[in-house]
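[1] how would this look folded up:
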Amino acid sequence: MIKKISVILYYLVITVISAACSNSKKDNNTTDSEQKKPNILFILSDDHTSQAWGIYGGILEDYVKNDNIKRLADEGVVLNNAFCTNSICSPSRASILTGQYSQINQVYTLREPLPKGHPNIARELTNNGYQTAIIGKWHLDKQPEGFDYFNVLPGQGKYWDPVLKTKETWTDGADGSKGKKYKGFSTDVITDLTINHLKERDPEKPFFMFCSFKATHEPFDYPERFNNLYTDQEIPEPASLLDFGKGNGGRTFLGQKLEKLGNRWHQATVDPENFWTSYPGLPYPLEGLDSVETRKKIYQKFVKDYMRSGAAIDDNIGKLLDYLEAEGLAENTVVIYTADQGYFLGEHGFFDKRLIYEESLQMPFVIRYPKELEGGKRIDDIILNIDFSALIADYAGIEKPEFIQGTSFRNNLKGKTPKDWRKEMYYRYWLHTPDRPSHFGIRNSRYKLAFFYGQGLKKSGTSEKSTTPEWEFYDLKKDPKELHNAINDKEYTSIIEEMKKELIKLREEYKDTDENEPIMKPILEEQGLTAK
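    Predicted structure coming up:
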């Protein structure tokens, strides 16, 4: 009996020692701890506006191909009010990476790189055990910093047979002379490269993968499999498509009209060797048409090409999701799909972005994280692109870095919005031209106030021709399409005054007071936009 008890005690001791050694080993290499951190797949497209996602309603809802965007929305959370802080490619990307407004990260227009050594969320994750990579569009001129690996397009890159460059083949700017050419359509190529890189990852570490598409940026190209999509269909038109000039609602500037796109098609047809890009489906004759017929015909080609380009994105989102599921990664991977800003699809007769108007301002955004988020939900909180890096840090178990101006919205996604969450947002666009003047403004849940100060401030690419300072105000409940500038409507006098006060506060909060711009001082003083 004593011998039997001794044997039992012996094996019990051995078991305890083995367990202790095993736990000690886990503590030393922290592999299990690292594995508990979620992977993060951040999918970013260019200009893929909310009107063309098919999950935000609108006239294109029944036309867009969006099976996989719907799949993400059904399994995740959709943001109804996500906004960019400067609606143009490079600045928005800089804000996503740094969590900062343009005046802090110094990317104002289209030619500024992030300053060397400037902090970003990729570096934070790299330094905290994540393997990090960006593949696809970069558009920040200088070599990416903070990522373990990058393989990115030079400048805007090409839709067909794109060249991508790595650290070993790097040259600044749009120079891809040392890069590698990949055969195929860029959205397909970027997805395949992303999946291949994930296959080669260290499975013992979590990953942060930034998959960045060129689509749906002009020239709105698409793979051949979508050549016949929409061929025999007439796409519905936005109500303000035939808004000519400044329109009839008191808008204070001309904007980027669709006729300019028609002119580009003509130039690309008659002088393709000297034009900056090529477009699908040319020639597209517009001769002999009156102004209404011309705009309508331009719209049809434009919106069909655009949706075809978006269809390729949807295809490839599906490939990425299928890969995660096949590898057993879906449950513990945060998947985000968003666009760097919105885009006008004929509203006000416009194309392009840049403006504080809703179509340009809104960033469509969907996030899936099965371990934490209930699918099929939407939130109305005001979220900004400067918040994205704070959210990523939160998921990665990192205390929010001091350089980030934004705030994590992880609790918002779970339906637990903090009581002190922002009630309004601040916007500023810097790339001044007379037809789309530089401006800043404020938007809350119902109203929008914008000041078009009209100065280039010697920022890269801006016009030296200033415009007269103008105000615009919109009641988004009564006028969701922003067709009536109500700045002089007496019923809004007190609301406008309060919003001006809030605008001053936000400019102070985000350190955007123009104190180093002498030309702005008299303009701001005259408009009552200086702190008292």
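[2] now T132: which helix or strand?
    Applying DSSP states H and E as the criterion places T132 in strand 131-136.
[3] hmm, who's touching that strand?
    Applying CB atoms under 8 Å, 6 or more residues apart in numbering, the contact partners of strand 131-136 are 44, 122, 125-126, 144, 146-153, 164, 186, 190, 193-194, 197, 201-202, 205-214. Heads up, the C-betas are built off the backbone N, CA and C, glycines and all.
[4] low-confidence regions, the stretch 351-500 of the chain specifically.
    For the stretch 351-500 of the chain, no stretch has pLDDT under 70.
[5] for this structure, what spans make up the helices?
    2-29, 31-36, 67-75, 89-98, 102-105, 121-126, 186-199, 258-270, 291-326, 358-361, 388-395, 410-413, 493-509, 520-526 (DSSP state H).
[6] just those helices: most buried one?
    The highest mean neighbour count among these, using mean count of other CB atoms under 10 Å, belongs to helix 89-98: a mean of 26.
[7] circling back to that earlier point, buried subset of the contacts of strand 131-136 as a ChimeraX selection?
    Restricted to the buried members of the contacts of strand 131-136, where burial is judged by 16 or more other CB atoms under 10 Å, the ChimeraX selection command reads as follows:
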select :44,122,125,126,144,146,147,148,149,150,151,152,153,164,186,190,193,194,197,201,206,207,208,209,210,211,212,213,214
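[8] list the ones among the contacts of strand 131-136 that fall in strands.
    Residues of the contacts of strand 131-136 located in strands (DSSP state E): 44, 149-152, 164, 207-212.
[9] next up, phi/psi of Y343, please.
    The phi/psi pair for Y343 (degrees, to the nearest 10) reads phi -160, psi 140.
[10] report the beta-bridge partners for G441.
    G441 has the following beta-bridge partners by DSSP bridges: Y427, A450.
[11] cool, I43 as well?
    With DSSP bridges as the rule, I43 is bridged to C211, Y337.
[12] can I get the helices of the chain in TSV with distance to S438?
    What follows is the helices of the chain, written out as TSV (distance: least, CB to CB, whole Å):
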stretch	distance to S438
helix 2-29	53
helix 31-36	46
helix 67-75	33
helix 89-98	13
helix 102-105	11
helix 121-126	28
helix 186-199	31
helix 258-270	19
helix 291-326	26
helix 358-361	14
helix 388-395	24
helix 410-413	31
helix 493-509	14
helix 520-526	10
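[13] looking at those, which one has the lowest mean pLDDT?
    Comparing mean pLDDT over the helices of the chain, the weakest stretch is helix 2-29, at a mean of 42.
[14] which of the ones in strands among the contacts of strand 131-136 lies closest to Y101?
    Nearest to Y101 among these is L44, at 18.6 Å by CB to CB.
[15] what's the distance between R507 and T530?
    According to CB to CB, to the nearest Å, R507 and T530 sit 10 Å apart.
[16] ok, G281 next?
    When distances are taken as CB to CB, G281 and T530 turn out to be 51 Å apart.
[17] how far away is the closest residue to V152 other than its chain neighbours from A174?
    Excluding its sequence neighbours, the residue lying closest to V152 (CB to CB, 6 or more residues apart in numbering) is W138, at 3.8 Å. Distance check for W138 against A174: by CB to CB, it reads 11 Å.
[18] neighbour count winner among those two?
    Just comparing W138 and A174: by other CB atoms under 10 Å the higher neighbour count belongs to W138, 25 against 12.
[19] can you pull the contacts of that one?
    Residues touching W138, when contacts are defined by CB under 8 Å, 6+ apart, comprise 93, 144, 150, 152-153, 212.
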